[in-house]
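> here is my input; please provide its structure:
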Amino acid sequence: MNGLEPFNQEAEEALVGAFFLDEELVKECTIRPEQLYSWKLRLIYSAIRSLDEKGKPVDVITVVEELGIQNVKLLGGISYITQLAGSVPTTANFHFYEKLVREYAQKRMAIQIAGKIMEQAQESESVRP
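Below is the predicted model:
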């Protein structure tokens, strides 16, 4: 991807941050980590899902532990995770954020598919006699 794809950083942050307020939302969420545009949020969300699968609580400490110190450093330190955890005042709009994230992921997928179709069309044109 070239960095020009549509995404909504705030919706992704609100989606992932909401799990720190209500870890039961992980079970309801239909978004997969790869549907997030932000690699940082994909990494954190993957750790949160892993904790949920293991039956462990979701909080800053367990997420940091699950990620490991190297990944936490890559993310920008514990402060990034702490900021994310504290950035969502309520989970009331969780499903709205989930819908937004899904819509942007679908738009990126459509752009990706269109790009592949264009490449294939151009390749087939260059093969013609």
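> C-alpha from now on. contacts and neighbour counts both.
Noted.
> helices of the protein, residue ranges please.
With DSSP state H as the definition, the chain shows helices at residue ranges 9-21, 25-28, 39-53, 60-67, 69-75, 78-86, 94-127.
> deepest-packed of the ones you listed, please.
Of the helices of the chain, the one with the most neighbours on average (mean count of other C-alpha atoms under 10 Å) is helix 9-21, at a mean of 22.
> now it and helix 78-86, what's the angle there?
Between helix 9-21 and helix 78-86, the angle comes out at 80 degrees (axes from the mean of the first three to the mean of the last three C-alpha atoms, to 10 degrees).
> before we move on, the earlier item: can the helices of the chain go into JSON lines with extra columns for mean pLDDT?
Output for the helices of the chain, formatted as JSON lines (pLDDT from 0 to 100):
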{"stretch": "helix 9-21", "mean pLDDT": "96"}
{"stretch": "helix 25-28", "mean pLDDT": "96"}
{"stretch": "helix 39-53", "mean pLDDT": "98"}
{"stretch": "helix 60-67", "mean pLDDT": "97"}
{"stretch": "helix 69-75", "mean pLDDT": "96"}
{"stretch": "helix 78-86", "mean pLDDT": "94"}
{"stretch": "helix 94-127", "mean pLDDT": "91"}
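> how close does the spatially most central residue of the chain get to Gln122?
Central residue of the chain (C-alpha atoms, centre = their mean): Leu36, 2.8 Å from the mean position. Taking C-alpha to C-alpha, to the nearest Å as the measure, Leu36 falls 30 Å from Gln122.
> then Val64?
According to C-alpha to C-alpha, Val64 and Gln122 sit 47 Å apart.
> just Gln9 next, same as before
Distance from Gln9 to Gln122, by C-alpha to C-alpha: 33 Å.
> can you check Ala114 too?
12 Å.
> same check, this time on Ala18
From Ala18 to Gln122 the distance is 44 Å (C-alpha to C-alpha).
> equivalent analysis for Glu5, please.
Per C-alpha to C-alpha, Glu5 is found 22 Å from Gln122.
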